[in-house]
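1. Pasting a predicted model and its sequence here:
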Amino acid sequence: MKLIPRTCLPQVLEIPEAGDWHLVGPTEDVDFENSWTNYGGTTQAVAYRLNIQDEPEVIGACKSGTVGAAVFTLPAAYRRDKNISYPIACEGGAGLLVIQADGSVIITDGSDVLSFIG
């Protein structure tokens, strides 16, 4: 049996973890804007976090807001210096969710009933 010197073994890579999910709503740190609200029932509530690439992502379903106006605004620590766009599913078709550099999370295309992972 031949022993391999420890210095020849590959280094173990440390894989970063995504941040914790933070809910959006009237009893949370971040609230809805422009009449948006969680869809309710058994659907996923709207939440945000930083992913393993250190970019903001959102998940959930919401309704009743104004398309083109902010759904909510991310806290400063979650904002980036560029806009990030994600395709989303809306009632009746597809839409586009944009996380703007100022932290505004906006639905630019679609309806006022939507579900997203972005």
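-> That came through, no problem. In this text, all values refer to a predicted model and were calculated from it rather than measured experimentally.
2. which sections of this structure are below the confidence cut-off?
-> Scanning the chain for pLDDT under 70 picks out 1-15, 110-118.
3. could you pull out the strands for it?
-> 22-23, 37-38, 47-50, 56-63, 70-73, 84-90, 93-99, 104-109, 113-117 (DSSP state E).
4. any chance of these in a markdown table, with distance to Val30 too?
-> Just so you know, the C-beta spots here come from the backbone N, C-alpha and C atoms, and that holds for glycine as well. Supplementary listing: the strands of the chain in a markdown table, determined by distance: least, C-beta to C-beta, whole Å:
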| stretch | distance to Val30 |
| --- | --- |
| strand 22-23 | 7 |
| strand 37-38 | 12 |
| strand 47-50 | 7 |
| strand 56-63 | 11 |
| strand 70-73 | 5 |
| strand 84-90 | 17 |
| strand 93-99 | 13 |
| strand 104-109 | 9 |
| strand 113-117 | 16 |
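5. So which of those is nearest Asp31?
-> strand 70-73 (6.7 Å; C-beta to C-beta).
6. tell me how far the closest one is from the chain's mean position?
-> 12 Å (C-alpha atoms, centre = their mean, to the nearest Å).
7. same check, this time on stretch 24-40
-> 14 Å.
8. Name the residues of that stretch that come out as buried.
-> Residues 24-25, 30, 32-34, 36-39 are the ones in stretch 24-40 that count as buried (16 or more other C-beta atoms under 10 Å).
9. and the end-to-end length of stretch 69-87?
-> 17 Å (C-alpha to C-alpha, to the nearest Å).
10. How about residues contacting that stretch?
-> 24, 29-34, 36, 46, 48, 50, 55-56, 62, 65, 94-107, 116-118 (C-beta atoms under 8 Å, 6 or more residues apart in numbering).
11. If you count neighbours, what's buried in it?
-> 70-74, 78-79, 84.
12. Nearest to Cys90, out of the residues you listed: which one, please.
-> Val71 (12.4 Å).
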